[in-house]
Every structure is written in structure tokens, then in C-alpha cells.
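Undergrad: predicted structure and sequence below. I'll ask about it afterward.
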Amino acid sequence: MSNRLNREIETPAEKQNRHKAMEAITVLNTLKESFKEPPKAMGYFYDLFEEVYCHQKALHSDKVKVGTMCIQIPSEIIYALDGVPIRLCNGFYTDDEIGSDLLPQKSCPLVKASVGHLASKNITDRPDMIYSPTTCDQKTKAGSTIEGFGYDVVDVDFPRTKESEISREFFRRSIRGFSADLSAKTGKKLSRKKLRASISKIGYAQSLYHQLSELRKSSAVPILGNDMFLVTNAFFFDRIDSWIEATEALVEELEQRAKEKVHAAGRVSPRIVYTGSPPIFPNYKIPLIIEESDAIIVADETCSSNRMFNDRVAVDEWFVNDMIDSLADKYLKACTCPVFTKNDDRIRRIIELVKSHNADGVIYQAFAGCTVYELEQRSVLEAMEKEGISILYIESDYSPSQHGQLSTRVEAFVESLKIKNRKRR
Ligand code: SF4
Ligand code: SF4
């Protein structure tokens, strides 16, 4: 009896950490144990996610931590001002449930989870300030909710068209404003030398991603799509030099695997291009169902992976103002988020990826509540149909409850692709 009374009561933060650790470890164990042997170099990434999400290890206690609410904030500028970018897009169901008490039930789970995470104040690498691009309505409104929790949140104006010169100039000004604001807050001056160096470092990180992507084009694909999501999600928060080193080791090992024709999936596993609302650790619900259904994700068009590493910055003159403008141009033009009025670029890119990676079909996930991805599915479906590309559209959220129904749909789609392939042979 006395033992029971003496037992310490778990605090809400401890409970949140325990639930998040359970979510994280379930996914990590699945990746490590449920598929063919993962590349040895993936060990770095599995350990990183375990340390951060199961043991709350802080990675940046010595740095100014710059929270970003979306992909559109140039990390090159943050690094050049001696800060570290931390993308706050969140994939935990535990945090989604906390956010559900603060936002409408129908909101996108990614936004609810990001808000829930920040509301809990239970954050290892707490951002010193947050930059929130005015992209989709929910992200935009989430900024002011988060401000209410005591964070310094700065809106970064983002246009809703990208073809016009007005939009481009608008975003250039916006990024100049962001850069000046961060420079004032950190008390650092943006120097030509540092900005050039960080553009080149991020460019190198992109080139590593492209090497991995090239290896996934061959008939024997040396890495699973879920492992690739882990690598690209680590870029959200890892120490950049450690990420680069670990990814170099991965490239080297995968090149060896490619020579030995090691295929991460089965002999007849259909090849999938994944698109839509971003898979963010540990919400790999749909990607895991796909690869557990004997398909393999060979490429993706999402803002938590491929889209982060597309298109390099093209600089005319290596002066600070020119570099800032070039970064703004790159971040806007390369963005294929459905927030834009038109999004022919995204359709073009999906078709390109299907062709370059010899894919058998496309799986398009939209988070329930994400109006823009839901709205855009029709035009993507029509375009794929025109090209004769099989596509499956799925709506999902972060809850573990719909698993059975979703896997039935994915398995049926994968089976139909196998039948199609058999007929073709
Ligand atoms: S889906 Fe669009 S708005 Fe949302 S995080 Fe990704 S790029 Fe940003
Ligand atoms: S998934 Fe949709 S609603 Fe959620 S952040 Fe991205 S664009 Fe916005």
C-alpha cells in the first residue's frame, strides 16, 4: 500500500513524452525489422530519431534556433547568420490530440500536431523565434494561435501565384524583410562570405539527395521509400554537418548495393511515386502500408522530401542582395505546394518522376481537412488518366484507427498494378 502511495505521479509532459516515444519506436522498429535488411548507414538515422524523440536529446543548445513553419524559409540565410533552422511541421498523433483542443476538429492533422507540440511547451530544442510563411490558410492562422503561447512569431508574406513578376518581386521583398529581421534579432550581419558558403553547403546537401534519387531509378532499388523519408525528415532538425556526413556514408553504401543489384523490395513489387500531404515522422501511416503491401516508393513529390531538395539556387552576382533575391526566386519557383492558384508544375513533376523512375503508379495522399490538396486531386487524377498512369487517391489522418480499411485499398491497388505488369510481359 505505502509503495503505491510513494510512486511518483507522471506529469503531463512525461506522459506526452512516453506516448511520443511509443509512436516513434513503433515506426523505427518496423523500419528496422519488418523489411529486408536496411542499409547499415541507416543506423545513424534510426539512432538520431530515437535519441531525439524517445530520449529528448537536444541537438542545438549552443545555437540560436530558428523555427520555420513551412519549407519556404531559406535555411541558407539562417545558417549564414549562425542560427539553425528547425522545421516545426509535426507528425505525432499525441501532439495532434493536444492540438485538437485548440483548433477546429476539421483542421489538417499536421497543423493540429504542430500547434499541439508548441502549446505543450514540452520541446527539447525550443525555437527562439518562429517564421511563418503565409502559405495555406491553416498554416497562416496557426501562426497567430502559436503566438498566443508566448512565442515570437513573424509572418513572412507568401504570394498565391508564382507566374507573375509582381509575385516574384513581392516574395523577394518578403525574404529581404525576413533576412533583415533575423539579422536584427541575432545581432549578426549577413556577410557575403558566409551566405555564399551556406548556399554552397545546402547545394552540396541537395546533390547528395540527387545521387540517392538517381540510384532509385534502376530496376534494383537499393533503399526503401520509408527510409528515404527518414533521411529527408532528419534534415528538418539535425546538425547539418552530421546530416551531410551520414548521407555521404549512405550514398557510398547504396552505390555498392546498386553494383551488387540489391533490391530493397520483392522481385515483382510495383514501383510507386508518392505525392500529396507530406509524410512527417512518425506519421508514415500510408508509406508504411504501401511498402508492407509489397510495393516500393521509388520517388515522391512532397514538401518533406523531394521538394526540399529540388532546384538549385542560381546566382548571377555573388553580392548579398543578389544572393537573397536568387534564394527568394528559387524558393518560390521550385515550390509546387497546392496553395497556388494554378499548379501545372506539380503535375508536370509527377509525370516526370513516373517516367524517370519507371514507376507503375502514383499514390496521392491528402490529409482530411487539407482543403488545398483535396481540391487539387481532381486535376491531378485527370492529368494522370490522360497519360495512362494509374493513380490511387487516399484521404487519411494521424489516427491509428483506419489502418484496416486503408490497407485494403492500397493492397487492391498494388495487386491491380501487378496484374497490369503481368499482362504487359
Ligand atoms: S504542404 Fe505546403 S503549406 Fe504545408 S508545409 Fe508543405 S509546403 Fe508548406
Ligand atoms: S497538408 Fe494542407 S492544410 Fe496541412 S499544412 Fe500542408 S497544405 Fe496546409
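TA: That came in fine, so what should we check first? Ligands and ions are numbered 1, 2, ... in the order given.

Undergrad: which positions in this protein make contact with ligand 2?
TA: Counting by Cβ under 6 Å from any ligand atom, the residues of the chain close to ligand 2 are 108, 110, 111, 136, 138, 139, 277, 367, 370, 372, 373. Placement of C-beta: from N, CA and C, glycine included.

Undergrad: filter these to the buried ones?
TA: 108, 110, 111, 136, 138, 139, 277, 367, 370, 372, 373 (16 or more other Cβ atoms under 10 Å).

Undergrad: just the closest of the residues of the chain next to ligand 2 to residue 101, please.
TA: Within those, proximity to residue 101 (Cβ to Cβ) peaks at residue 111, which comes in at 13.7 Å.

Undergrad: for the nearest residue to residue 57 once chain neighbours are set aside, what are phi and psi?
TA: Spatial nearest neighbour of residue 57, chain neighbours left out: residue 51 (4.1 Å); criterion: Cβ to Cβ, 6 or more residues apart in numbering. Per-residue torsions, residue 51: phi -60, psi -40 (degrees, to the nearest 10).

Undergrad: and the one 10 residues further on, by the same measure?
TA: Here is the backbone geometry of residue 61 (degrees, to the nearest 10): phi -60, psi -20.

Undergrad: ramachandran coordinates for the closest residue to it other than its chain neighbours?
TA: What sits nearest to residue 61 in space, not counting adjacent residues and going by Cβ to Cβ, 6+ apart, is residue 125, at 7.8 Å. With angles defined as degrees, to the nearest 10, residue 125 sits at phi -100, psi 80.

Undergrad: my read is that residue 133 contacts residue 73, right?
TA: Yes: at 6.3 Å, residue 133 counts as touching residue 73 under the criterion of Cβ atoms under 8 Å.

Undergrad: any residues in contact with both of those two?
TA: Residues touching both residue 133 and residue 73 (Cβ atoms under 8 Å, 6 or more residues apart in numbering): residue 156.

Undergrad: tally up the residues packed near the nearest residue to residue 376 once chain neighbours are set aside, please.
TA: Counting by Cβ to Cβ, 6+ apart, residue 376 lies nearest to residue 338, which is 4.2 Å off, once chain neighbours are set aside. Residue 338 is flanked by 21 other residues according to other Cβ atoms under 10 Å.

Undergrad: now do residue 338 against ligand 1, distance only.
TA: 7 Å (Cβ to the nearest ligand atom, to the nearest Å).

Undergrad: repeat for residue 361
TA: Counting by Cβ to the nearest ligand atom, the gap from residue 361 to ligand 1 is 22 Å.

Undergrad: ok, what's across the strand from that residue?
TA: Residues in a beta bridge with residue 361, per DSSP bridges, are residue 272, residue 390.

Undergrad: what packs against the helix or strand hosting residue 257?
TA: Residue 257 belongs to helix 240-259 when assigned by DSSP states H and E. Packing partners of helix 240-259 (3 or more Cβ pairs under 8 Å, 6 or more residues apart in numbering; DSSP states H and E): helix 42-54, helix 192-215, helix 225-234.

Undergrad: which helices and strands does the first one pack with?
TA: The reference is to helix 42-54. Judged by 3+ Cβ pairs under 8 Å, 6+ apart, the packing partners of helix 42-54 are helix 12-33, helix 225-234, helix 240-259.
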